[in-house]
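[1] Fold the stuff below for me.
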Amino acid sequence: MSSPLPTPVAILVAEDQADIRDLLVLNLRNAGYQVTAVADGAAALAEQTAQPRDLLLLDLMMPGLDGLEVCKALRARGSAAPILMLTAKSTELDRVLGLELGADDYLTKPFSLAELLARVKALLRRAELLRAAQAQPASAANLIRHGALEIQPAKRQVRYRGQAIEFTALEFDLLLHFATHPGHVFSRAQLLDAVWGYSHDGYEHTVTTHINRLRNKLEADPMRPELILTVRGAGYKLREATA
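    All right, here's what the predicted structure looks like:
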């Protein structure tokens, strides 16, 4: 008997401009993905609720519910599917809002299709690594200890002060990078290159907002962090563990 064919990765596209939506669908399908497309945020939320896809492309500005509201609603429901936000707005505030509300990455229009496909591939790869790691037996995990922080890289699990904490794939990768280089100061550009795998001007706020998300989950007072520190004018570092 022949082995069953692998299930294609399912992507949901929410974009109100028909020409852009059709172009996205065409190129994603040509890349081998199973694609469903909708024209507004309410339809996107309904589709993802009824049949969860592996990744979402959300346009920021859509009639009815916009991309930010869809992202916020999905994260509030516990959805961990990677979200790539597409935005024609150029203000940093719009970019930051999308990331703070749970988006994993964003692209500002106009963007190249090659860059879009690269971002999609990177997000899906991280999500797959997270699922595969969490399915491994506990014996496969090599524990990293840093004070009260415990990380199991193989299982991609984190405990802090005895409490298990859930992270998205990108949040975990960022924390692991810090934990394997305690005390080392990284600029936003260096973190973007090392963790996200690309370095494009204007995307440094992707790093900043993920740092904020780590602090919100790890710090007693995220406004006065004790673990992930800002080094003024240089970047960020994980505080070195005390003996």
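[2] how about the CA coordinates for the longest helix along the chain, as CSV?
    Criterion DSSP state H: the longest helix present in the chain is helix 113-134. Extracted in CSV, the C-alpha atoms of helix 113-134 (Å, rounded to 0.1, in the frame of the first residue of the first chain):
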residue,chain,number,x,y,z
LEU,A,113,5.8,38.2,-3.2
ALA,A,114,9.2,36.6,-2.6
GLU,A,115,9.5,38.3,0.7
LEU,A,116,5.9,37.3,1.6
LEU,A,117,6.5,33.7,0.8
ALA,A,118,9.7,33.7,2.8
ARG,A,119,7.9,35.1,5.9
VAL,A,120,5.1,32.6,5.5
LYS,A,121,7.6,29.7,5.3
ALA,A,122,9.6,31.0,8.3
LEU,A,123,6.4,31.3,10.5
LEU,A,124,5.2,27.8,9.5
ARG,A,125,8.6,26.3,10.2
ARG,A,126,8.6,27.7,13.7
ALA,A,127,5.1,26.5,14.4
GLU,A,128,5.9,23.0,13.2
LEU,A,129,9.1,22.9,15.3
LEU,A,130,7.0,23.9,18.3
ARG,A,131,4.4,21.2,17.7
ALA,A,132,7.0,18.5,17.0
ALA,A,133,9.0,19.4,20.1
GLN,A,134,6.0,19.4,22.4
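[3] Neighbouring strands of the helix or strand just after it in the sheet, and parallel or not?
    The helix or strand immediately downstream of helix 113-134 is strand 144-146, counting by DSSP states H and E. Paired neighbours of strand 144-146 in the sheet (DSSP bridges): strand 149-152 (antiparallel).
[4] residues in contact with the partner strand?
    Identification of contacts with strand 149-152 by CB atoms under 8 Å, 6 or more residues apart in numbering yields 138, 141-144, 157-160, 175-176, 179, 218, 227. Any C-beta I mention is one placed from the backbone N, CA and C, and that applies to glycine too.
[5] In a markdown table, list those residues along with pLDDT and neighbour count.
    Output for the contacts of strand 149-152, formatted as a markdown table (pLDDT from 0 to 100; neighbours: other CB atoms under 10 Å):
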| residue | pLDDT | neighbour count |
| --- | --- | --- |
| A138 | 53 | 9 |
| A141 | 48 | 16 |
| N142 | 75 | 9 |
| L143 | 82 | 12 |
| I144 | 85 | 15 |
| Q157 | 85 | 20 |
| V158 | 90 | 24 |
| R159 | 90 | 15 |
| Y160 | 91 | 18 |
| L175 | 93 | 26 |
| L176 | 90 | 17 |
| A179 | 90 | 18 |
| L218 | 93 | 21 |
| L227 | 92 | 19 |
